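**Student:** One predicted model, sequence on top.
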Amino acid sequence: MAYQSFEIAQLRARQEALDKQLAEVKERETRLVLIEIVQKMREYGISLNELMGRKPGSQPDEPSAKYRDPVSGSTWSGRGRAPAWIAGKDRNEFLVDKHAAARAMVQAALFPDGH
């Protein structure tokens, strides 16, 4: 370990303590906000479907097939763990909607880190 002055060590220890305290306070405030949101939803009769922008009483959408294995015909929605037939390969090759391939290429060029 490189030499460190006592003052630097003290400051780092204080910084670690403050970082821990900050994380705890943020977590506590987040819980309080979630409780407040749930209370308001109950007070105004707002359902999770409405909160997600769906019509009251509607069911969540089932994920549709986004990728298809040309050999077996198996499909995958793109959610969850990738099946063996697509894992580690260029997913654009397996897209059901070929227009989506062009959009995916543009998106990859604009947002190379996947955002």
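**Tutor:** Arrived safely, thanks for sending. Numbering: from 1, shown residues only.

**Student:** Compute the distance between residue 71 and residue 17, please.
**Tutor:** 57 Å (C-beta to C-beta, to the nearest Å). All C-beta atoms are positioned from the backbone trio N, CA, C, and that covers glycine.

**Student:** try residue 64
**Tutor:** Relative to residue 17, and taking C-beta to C-beta, residue 64 is found at 50 Å.

**Student:** what's the neighbour count on residue 15?
**Tutor:** A count of neighbours around residue 15, defined by other C-beta atoms under 10 Å, yields 10.

**Student:** Then residue 24?
**Tutor:** Residue 24: 10 neighbours (other C-beta under 10 Å).

**Student:** Now do the SS call for it.
**Tutor:** For residue 24, the assignment made with DSSP: H, G, I helix; E, B strand; the rest coil gives helix.

**Student:** Next one: it from residue 35, what distance?
**Tutor:** For residue 24, the distance to residue 35 - C-beta to C-beta - is 17 Å.

**Student:** picking that back up, more neighbours: residue 71 and residue 17, which one.
**Tutor:** More neighbours surround residue 17 than the other of residue 71 and residue 17, with 10 against 7 (other C-beta under 10 Å).

**Student:** Which parts of the chain are strands?
**Tutor:** Assigned by DSSP state E, the chain shows strands spanning 67-68, 75-76.

**Student:** Please name whichever of those is nearest to residue 9.
**Tutor:** With C-beta to C-beta as the measure, strand 75-76 is the member of those nearest residue 9 (52.0 Å).
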